[in-house]
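> Kindly generate the corresponding structure for this input.
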Amino acid sequence: MGRKLKFNIFRYNPLDSNSVPHTDTFHLEETDSMTLFIALTRIREEQDPSLQFDFCCRAGICGSCAMVINGRPDLACKTLTKELPTEITLMPLPVFKLIGDLSVDTGTWFRAMNEKVGSWIHTDKTMDPNVEEERMDNSLAEEIYELERCVECGCCVASCGTANMREDFIGAVALNRIARFMLDPRDQRKEREYFEVIGTDEGIFGCMGLLACEDVCPKDLPLQDQLGILRRKMGWSAVKHLFRFG
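Here you go, the predicted model:
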């Protein structure tokens, strides 16, 4: 016999004028290797087919099943119920637009963020499919790959104090993206161009340094390390600008 689990799940359908925010309680018997994704699927199949939550890969790669689990943002597919107490409270991620219950629209937010920071290689070179790819040192490629492991789940944004207070803050995930392109020798943007994107209180200088983003990141990305590096680079860029034009 497994543990008896009690789930308190946030419920609200913004498209239903009769719906009001509340929590519903469900009970399940814990099974071996049960994840929150498995538990939610069982609840939807066995108890309430109207329950809304997102999932796709079930392997911690797509980032779509992120939610607030007992007050902490994380991925439902990689969270084992045995690591939690018998009473589990599930809420949708804050900051993002609510679709219904535990489902939020992270896609619109991330698309706007990627467009704002120019999340692609900026180059004036013409693509030639017959030319060999540009080479780079393995150590540099590994540094870039480390920052590329972000699955855009939104956990860092949901846990960010600034992002919860200000809609214009681009968040740790955007700063991580900029750091990735600053490392890439194929990107031809200058420091001044990066500064125009993130060198304000909407970007690097809006962070309060609470460390929640790195604390909850399910991929263990070095977000605060990159934030510190960017602050130094952007600060130095501002000093050079003042001496040049002051």
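> Going by C-alpha atoms from here, please, whenever you check contacts or count neighbours.
OK.
> mind listing what the residue nearest the centre of the chain touches?
Most central in the chain under C-alpha atoms, centre = their mean is residue 154, positioned 2.6 Å from the mean C-alpha point. Listed by C-alpha atoms under 8 Å, 6 or more residues apart in numbering, the contact set of residue 154 reads 63, 66, 93, 106.
> in the residues you listed, which two residues are the furthest apart from each other?
Distances among these were taken as C-alpha to C-alpha; the most separated pair is 63 and 93, at 12.2 Å.
> Name the spans of the protein whose pLDDT lies under the cut-off.
237-238, 240-246 (pLDDT under 70).
> Tell me where it has helices.
Ranges of helices within the chain are 36-46, 106-117, 138-148, 155-158, 161-165, 171-183, 191-198, 212-216, 223-245, based on DSSP state H.
> which of the residues in the fifth one are buried?
Read that as helix 161-165. Within helix 161-165, the residues scored as buried using 16 or more other C-alpha atoms under 10 Å are 161-163.
> possible to save those residues as JSON lines with distance to residue 202?
Listed next are these as JSON lines, based on distance: C-alpha to C-alpha, whole Å:
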{"residue": "161", "distance to residue 202": "13"}
{"residue": "162", "distance to residue 202": "9"}
{"residue": "163", "distance to residue 202": "10"}
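> Now flag whichever of those is closest to residue 227.
residue 162 (14.2 Å).
> Identify the residues contacting that closest one.
Residue 162 neighbours (C-alpha under 8 Å, 6+ apart): 169, 171, 206-208.
> among those, who's most crowded?
residue 171 (25 neighbours; other C-alpha atoms under 10 Å).
> Contacts only, for the closest residue to that one other than its chain neighbours.
Leaving aside its chain neighbours, residue 171 sits nearest to residue 157 (5.8 Å; criterion: C-alpha to C-alpha, 6 or more residues apart in numbering). Residue 157 makes contacts with 95, 163-164, 171-173, 213, as judged by C-alpha under 8 Å, 6+ apart.
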